[in-house]
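give me a model of this one.
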Amino acid sequence: MKTPTGRRKHIHEYNERILAVRCRQNIDFISIELLRERACSIVPKGGYDYIVSGSGDEWTLRQNASAFNDWQIYPRVLTDLDNPQTATELLGIPVSMPIMAACPAAQGLAHAGGEKQTAKGIAAAGTIMCESTYSSYTVGEICKAAPGAPNFFNLYAARDWKINAELLKMAVDAGCKAIIWLLMLLLSSTGRRMSSIILYFRCPCPIWKLSAHQVRISVWQR
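Numbering: from 1, shown residues only. I've put the predicted structure just below:
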């Protein structure tokens, strides 16, 4: 089946716009909300909506945000601590803070450099980059973007165990320090994002191929 003309035009226009997003100027990071507003003005609408939205009426998204906001950090006072430090370690890996980068898929939706640019930023911050099975670049390309920086690999287990073994080997060969294993019980039925349906959005950025099988992984092409 040929790709509809309207969709081909949409993909071409998206790619043209995202290729233009190459750090034209630095973005001051003050808060998540201000960063979200800035991203909305830069990232093409289809990609931005996919990144920030949830499935259906977004009930689960709201519940997750509410549950996260229930956690509080209580300051300790009068502890005779003049110079507090955030540095710690995870699995024996020293990090500058008890925070690591999550592994959202297809970061090429937000920037032409995708996960490679994220890896550089995370390395500069002194913490750990976690890479998705559905990245815009291979695990090897991402690790090479920030030589020596610690990386984890997030494996979405496929039904074909040969593919799983190949992915694990690629991660090990690239130097990943740990594997985050997820059994995606719901992957056979991906979420229905209202904005994606309205815009007839399909992921226009490449999702790296499994080298031996030449299978293009994409949860958007169902």
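
quick one, what contacts the most centrally placed residue in the chain?
Per Cα atoms, centre = their mean, the C-alpha nearest to the average position across the chain is that of Pro104, at 2.3 Å. Neighbouring residues of Pro104 by Cβ atoms under 8 Å, 6 or more residues apart in numbering: Ile51, Ser132. (Each C-beta comes from the backbone N, C-alpha and C, glycine too.)

cool, and Gly54?
Listed by Cβ under 8 Å, 6+ apart, the contact set of Gly54 reads Thr60, Leu61, Arg62, Gly191, Arg193.

among those residues, show me the least confident.
Note: of these, the lowest pLDDT belongs to Gly191, at 69.

not counting its neighbours along the chain, what's nearest Tyr48?
Excluding its sequence neighbours, the residue lying closest to Tyr48 (Cβ to Cβ, 6 or more residues apart in numbering) is Cys40, at 5.7 Å.

quick check: that neighbour vs Ile163, distance?
As defined by Cβ to Cβ, to the nearest Å, Cys40 lies at a distance of 36 Å from Ile163.

the more surrounded of the two?
Counting neighbours by other Cβ atoms under 10 Å for Cys40 and for Ile163 shows that Ile163 has the greater number, 17 against 13.

burial count for Leu81?
Other residues close to Leu81 by other Cβ under 10 Å number 9.

three-state assignment of it?
Here Leu81 is recorded as coil under DSSP: H, G, I helix; E, B strand; the rest coil.

so what does it look like in phi/psi?
Backbone geometry at Leu81, expressed as degrees, to the nearest 10, gives phi -120, psi 100.

and if you look at Pro94?
phi -70, psi 130.

mind listing what the nearest residue to it once chain neighbours are set aside touches?
Closest residue in space to Pro94, ignoring its immediate chain neighbours: Ala87 at 6.9 Å, by Cβ to Cβ, 6+ apart. Counting by Cβ under 8 Å, 6+ apart, Ala87 makes contact with Pro94, Val95, Ser96, Met97.

between these, which is closest to Ala149?
Val95 (10.5 Å; Cβ to Cβ).

so who does Phe29 touch?
Leu35.

same check, this time on the one 10 residues further on
With contacts defined as Cβ under 8 Å, 6+ apart, the neighbours of Ala39 are Tyr48, Ile51, Ala110.

out of those, who has the most neighbours?
Taking other Cβ under 10 Å as the neighbour criterion, Ala110 ranks highest of the contacts of Ala39 with 23 neighbours.

what about the residue nearest to it when sequence neighbours are not counted, distance to His111?
Excluding the flanking residues, the one nearest Ala110 by Cβ to Cβ, 6+ apart is Val43, at 5.2 Å. To His111, Val43 is 8 Å away according to Cβ to Cβ.
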